[in-house]
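Asks: no FASTA, just this:
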């Protein structure tokens, strides 16, 4: 059963949005205080997201009962029990938890995340939901070269900030409608191929959500794509490229022998818009 405070947030939101802005600010502060009193600094709330009950940090639970449901539904169509999965750009672990549930206790999920604040919350979510037996956390940026140190650009002045807006692309290219400050943070790198070798994986599914670094990730996954032919769900971020069409075509060149479709099932030649796409190996090219 969802936690009462989380349920109240959803139930009262229509009323809240009609309040004057000054009253909203006070109500928001009061609500955050109630959360801190109920759960403490390290507490997790019980919340339903995407039709499953999880123990989540209260602020993550407040993202609502539906969080990227179309992506979750794609996972549920293709991820099988016992699979090895790599989650590149794991964020705070909402997608990681779903993947870990789907692969079961005979599968493995390698969750790759460079953001310090995200990593701490990712670990809490994995342990708090009893998924530590199947989730391996990798504190790194996944690119095209392993064992390097690069700059992670974080929207916001605090490296402990959580959420999206973490990227290795030029900070000036990141969507920043609220004009947040940008903080540069050094991180180590890995590649998909290096992870497969390190953990002796037989990957069946690869999820990539890296805010514009998707080409680098695929460049570092060429051996894996050739040898194991995993299904790939990739987020395309056209804002990160000078020529988004050329970037989309380059992405498909890094997926030889794959077909590409939107999550709604529409086949496309290459990605062009900000969306997630599902790449599946052509049947006659599976190993």
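Replies: Yep, it's here. On a predicted model such as this, the values are computed, not experimentally measured, just so you know. Residues are numbered from 1 along each chain as shown.
Asks: so where is the stretch 101-250 of the chain shaky, pLDDT-wise?
Replies: Scanning the stretch 101-250 of the chain for pLDDT under 70 picks out 155-182.
Asks: which stretches in it count as helices?
Replies: Using DSSP state H, counting those that start in this stretch, the helices of the stretch 101-250 of the chain run over 116-128, 192-199, 214-219, 222-228, 244-253.
Asks: can you put those helices in JSON lines and add distance to residue 282 and mean neighbour count?
Replies: In this view, the C-beta of every residue, glycine as well, is placed from N, C-alpha and C. As requested, these are exported to JSON lines (distance: least, Cβ to Cβ, whole Å; neighbours: other Cβ atoms under 10 Å):
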{"stretch": "helix 116-128", "distance to residue 282": "34", "mean neighbour count": "20"}
{"stretch": "helix 192-199", "distance to residue 282": "20", "mean neighbour count": "19"}
{"stretch": "helix 214-219", "distance to residue 282": "17", "mean neighbour count": "23"}
{"stretch": "helix 222-228", "distance to residue 282": "12", "mean neighbour count": "17"}
{"stretch": "helix 244-253", "distance to residue 282": "13", "mean neighbour count": "16"}
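Asks: residue 144 is nearest to which of these?
Replies: Within these, the stretch nearest residue 144 is helix 214-219; the backing value is 3.8 Å (Cβ to Cβ).
Asks: looking at the chain, which helix is longest?
Replies: Determined from DSSP state H, the single longest helix within the chain is helix 21-39.
Asks: how far does it sit from its chain's centre?
Replies: 28 Å (Cα atoms, centre = their mean, to the nearest Å).
Asks: mind listing what's buried along whichever helix or strand comes after it?
Replies: Where DSSP states H and E defines the elements, the next helix or strand beyond helix 21-39 is strand 45-49. Within strand 45-49, the residues that qualify as buried are 45, 47, 48, 49, counting by 16 or more other Cβ atoms under 10 Å.
Asks: sheet partners, orientation included, of strand 45-49?
Replies: Counting by DSSP bridges, the strands paired with strand 45-49 are strand 52-56 (antiparallel).
Asks: how about whichever helix or strand comes after the strand it pairs with: buried residues?
Replies: Using DSSP H and E, the helix or strand that follows strand 52-56 in sequence is helix 58-61. For helix 58-61, a neighbour-count test (16+ other Cβ under 10 Å) marks 58, 60, 61 as buried.
Asks: and the nearest residue to residue 190 once chain neighbours are set aside, what are its phi and psi?
Replies: Using Cβ to Cβ, 6 or more residues apart in numbering and skipping residues adjacent in sequence, the residue nearest residue 190 is residue 140, 4.3 Å away. The phi and psi values for residue 140, taken as degrees, to the nearest 10, are phi -170, psi 160.
Asks: for residue 140, give me its contacts.
Replies: Counting by Cβ atoms under 8 Å, 6 or more residues apart in numbering, residue 140 makes contact with 112, 114, 187, 188, 189, 190.
Asks: isn't the fourth one right up against residue 145?
Replies: Just to be clear, that refers to residue 188. No: applying Cβ atoms under 8 Å, one finds residue 188 not in contact with residue 145, separated by 10.8 Å.
Asks: quick check, central residue of the chain?
Replies: Centroid-nearest residue in the chain, with Cα atoms, centre = their mean: residue 90, separated by 3.9 Å.
Asks: so what's the closest residue to that one other than its chain neighbours bridging to?
Replies: Excluding the flanking residues, the one nearest residue 90 by Cβ to Cβ, 6+ apart is residue 111, at 3.8 Å. In this structure, residue 111 bridges to residue 87, residue 137 when assessed by DSSP bridges.
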